[in-house]
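>>> Build me a structure from this.
(one chain, ligands or ions: 1)
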Amino acid sequence: MTDPIATLQDRFQEMKQAHLADPNPDYATRKDRLNRLESTLLKFSDQLMAAMTQDFSHRSPSEAGTFDVTIPLGDIRMNRRKLRSWMRPRRYHMPKHLLPARGRVLPQPKGVVGVIAPWNFPVYLAIGPVAAALAAGNRVMVKPSELTPRTSEVIKQMIEEVFEPNEVAVFTGGAEVAGAFSELPFGHMLFTGSTQVGRLVAQAAAKNLTPVTLELGGKSPAIVGEHADLSYTAKRIAFGKTANGGQVCVSPDYALVPRAKMHEFATEVEQVLKTFFPDVANTVDYTAIVSDRHQQRLQGMIKEAEDRGTKVVRIGDTRGANTRKEAPALLIDPPLDIQAMQEEIFGPILPIIPYDTVEEAMEFVAQRSAPLALYIFTDKHAERDAWLNKSLSGGVCVNETSFHVVADSMPFGGVGDSGMGSYHGKAGFDTFSHLKSVFYQPKLNASFLFNPPVRHYQHTVGKILRKII
Ligand code: NAD
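Take a look at the predicted model:
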């Protein structure tokens, strides 16, 4: 039997040699790789959808089709459309005292890059980074999640069908393979997953000084402003909380609501969810929980809230269903020391926390780890701008949840415990490129003014420089 760790190391070396033989692939080569990625994704899309629904025990076909086929397809096409302009040398103006020199930045591939993906959007979060890395001219090693084993196998098959083993390669396996993978001396590593594992990946990368982009999670708050339209807000938060069964890195984790409106808001969300999912156990539109362990974790959160005297509103009943669907639950004003308020929920449970003043709500968010996303619902610009100016989060949606993640023209990433670095669009191309500054000196220039031995007039030049610089 082949040793998976030795295979990883051998493949890395093969890819590195292939990269050194062609360290800066031209436009046609990169475009061809993106074309092949597009065609194989289209060809395998039905197989991927079937594998995802098996892995989750049930996956909403509409969500799987949108998030794990259409959106990565859009990513590939956007990279291809913009490729020529992103690859061009970028012109930089020179400070006047360095004229007539010229400055250019040449984006250059980093070599062999590593992508570690989670299970919640198993195709999108593997293929999206691969598209950006290929556009930037790299060779890519991918480690998909072991929690969606069938999908990971199809991803491997679809990549092997169109790529040489030294262009893009997929390595399946659990934490042991993942640990060894993260220790390879990549030119760059992009990890998507939990904050806890992100720390381990950063430590492994540090040993090689491998630059790392960490796309992590956290508790993203939805702020129901004092001037929010409650009915509209309830719809958008209910949507965000239940998309993919609440298993989205940017799901609104909890809602902060003005105390006087808390019950009205909870009733609105309950009504909306009843119209979204009249029969949550049997509808095809509701995604199940990925594993027994995650389902038990969510059920434990609800039970703890109940045991602590919290009012829990369940929307529908999934007990007895032959899938791992978990009915949405609202926790009304729970204690803040329960598990559901201490860790990322990553499921369809919405704690609703009342606040008395905007300052108190801001303090509540500021005292916790910087979230991946923050959602502000208000019809007043002043209230919106106060939150925008004073809060720190990876990204923000105003009067919406989660949609910024698919606005692929903007950088996407976290800050602090929710991650570092960003990708999507040009940010992705730049993340996987080394931006090499080149200083072009014409032979007719003033650099002789600095030559030793230093003469008196050079002191005068120094004084003038100090004034004009
Ligand atoms: P996870 O951290 O458990 O696993 C992610 C990947 O890391 C898997 O492929 C796994 O095999 C691998 N891994 C496990 N141990 C490792 C190790 N020691 N070294 C290197 N890799 C290792 O995360 P998960 O449960 O798959 O995903 C859920 C988390 O991901 C949530 O916190 C969610 O918020 C976050 N997430 C973030 C984004 C984003 O874009 N910011 C997107 C989706 C999910």
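>>> Could you verify my assumption that residue 461 touches residue 449?
Yes. Proximity of residue 461 to residue 449 meets the contact threshold set by C-beta atoms under 8 Å, at 5.3 Å. Placement of C-beta: from N, CA and C, glycine included.
>>> Need the pLDDT of residue 261.
pLDDT for residue 261: 98.
>>> Run a quick neighbour tally on it.
Counted with other C-beta atoms under 10 Å, the neighbours of residue 261 add up to 16.
>>> Ok, residue 293 next?
9.
>>> same question, residue 187
22.
>>> got it, and residue 402?
For residue 402, using other C-beta under 10 Å, the count is 22.
>>> Any figure for the gap between it and the ligand?
Residue 402 sits 11 Å away from the ligand, going by C-beta to the nearest ligand atom, to the nearest Å.
>>> For that residue, which residues are in contact?
For residue 402, the contacting residues are 240, 243, 248, 250, 251, 252, 373, by C-beta atoms under 8 Å, 6 or more residues apart in numbering.
>>> So it versus residue 243, what's the distance?
Per C-beta to C-beta, to the nearest Å, residue 402 is found 7 Å from residue 243.
>>> what touches both of these two?
With contacts taken as C-beta under 8 Å, 6+ apart, residue 402 and residue 243 have residue 251 as neighbours in common.
>>> The residue in the stretch 1-150 of the chain positioned nearest to the ligand in helix, strand or coil?
Closest to the ligand within the stretch 1-150 of the chain is residue 118: 3.0 Å, counting by C-beta to the nearest ligand atom. Of the three states, residue 118 takes coil under DSSP: H, G, I helix; E, B strand; the rest coil.
>>> who does the residue nearest to residue 205 when sequence neighbours are not counted bridge with?
In space, residue 205 comes closest to residue 212 once its chain neighbours are excluded; the distance is 4.2 Å by C-beta to C-beta, 6 or more residues apart in numbering. Residue 212 forms beta bridges with residue 189, as assigned by DSSP bridges.
>>> okay, now residue 212: neighbour count?
Residues lying near residue 212 (other C-beta under 10 Å) number 23.
>>> which ones are touching it?
Taking C-beta under 8 Å, 6+ apart as the contact definition, residue 212 lies against 188, 189, 190, 191, 201, 202, 205, 420, 421.
>>> and residue 114, that one's in a helix?
No. Counting by three-state DSSP, residue 114 is not part of a helix but strand.
>>> And it, how close does it get to residue 59?
For residue 114, the distance to residue 59 - C-beta to C-beta - is 27 Å.
>>> swap in residue 287?
Distance from residue 287 to residue 59, by C-beta to C-beta: 5 Å.
>>> Per-residue pLDDT of the residue in the stretch 151-300 of the chain positioned nearest to the ligand, please?
Among the residues of the stretch 151-300 of the chain, residue 217 lies closest to the ligand, at 2.0 Å counting by C-beta to the nearest ligand atom. Model confidence at residue 217, expressed as pLDDT, equals 94.
>>> do the same with residue 1
64.
>>> and what of residue 31?
At residue 31, pLDDT is 98.
>>> which other helices and strands contact the host helix or strand of it?
Taking DSSP states H and E as the criterion, residue 31 maps to helix 27-56. Helix 27-56 is packed against helix 61-65, helix 71-87, helix 124-135, helix 149-162, with contacts defined by 3 or more C-beta pairs under 8 Å, 6 or more residues apart in numbering; DSSP states H and E.
>>> Just send these back as TSV, with mean neighbour count, mean pLDDT and distance to the ligand too.
Formatted as TSV, those follow (neighbours: other C-beta atoms under 10 Å; pLDDT from 0 to 100; distance: least, C-beta to the nearest ligand atom, whole Å):
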stretch	mean neighbour count	mean pLDDT	distance to the ligand
helix 61-65	17	96	14
helix 71-87	18	98	12
helix 124-135	28	98	6
helix 149-162	20	98	9
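>>> Tabulate the ones you listed in a markdown table, adding columns for distance to residue 432.
Rendered in a markdown table, the data for the helices and strands packed on helix 27-56 read as follows (distance: least, C-beta to C-beta, whole Å):
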| stretch | distance to residue 432 |
| --- | --- |
| helix 61-65 | 27 |
| helix 71-87 | 10 |
| helix 124-135 | 5 |
| helix 149-162 | 17 |
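>>> Which of the ones you listed sits closest to residue 441?
Residue 441 lies closest, by C-beta to C-beta, to one member of the helices and strands packed on helix 27-56: helix 71-87, at 24.4 Å.
>>> Packing partners of the closest one?
Looks like helix 71-87 contacts helix 27-56, helix 124-135, helix 425-431 (3+ C-beta pairs under 8 Å, 6+ apart).
>>> Tell me which of those helices sits most buried.
helix 124-135 (a mean of 28; mean count of other C-beta atoms under 10 Å).
>>> give the contact list for residue 211.
Counting by C-beta under 8 Å, 6+ apart, residue 211 makes contact with 110, 187, 188, 189, 205, 421.
>>> Could you do residue 3 as well?
Applying C-beta under 8 Å, 6+ apart, no residues contact residue 3.
>>> sec struct for residue 448, please.
Classified using three-state DSSP, residue 448 is helix.
>>> State the distance from it to residue 97.
Distance from residue 448 to residue 97, by C-beta to C-beta: 14 Å.
>>> In terms of neighbours, single out the busier of these two.
residue 97 (12 against 6).
>>> where do the strands sit along the stretch 351-469 of the chain?
Ranges of strands within the stretch 351-469 of the chain are 373-377, 395-398, 419-420, 433-440, based on DSSP state E, counting those that start in this stretch.
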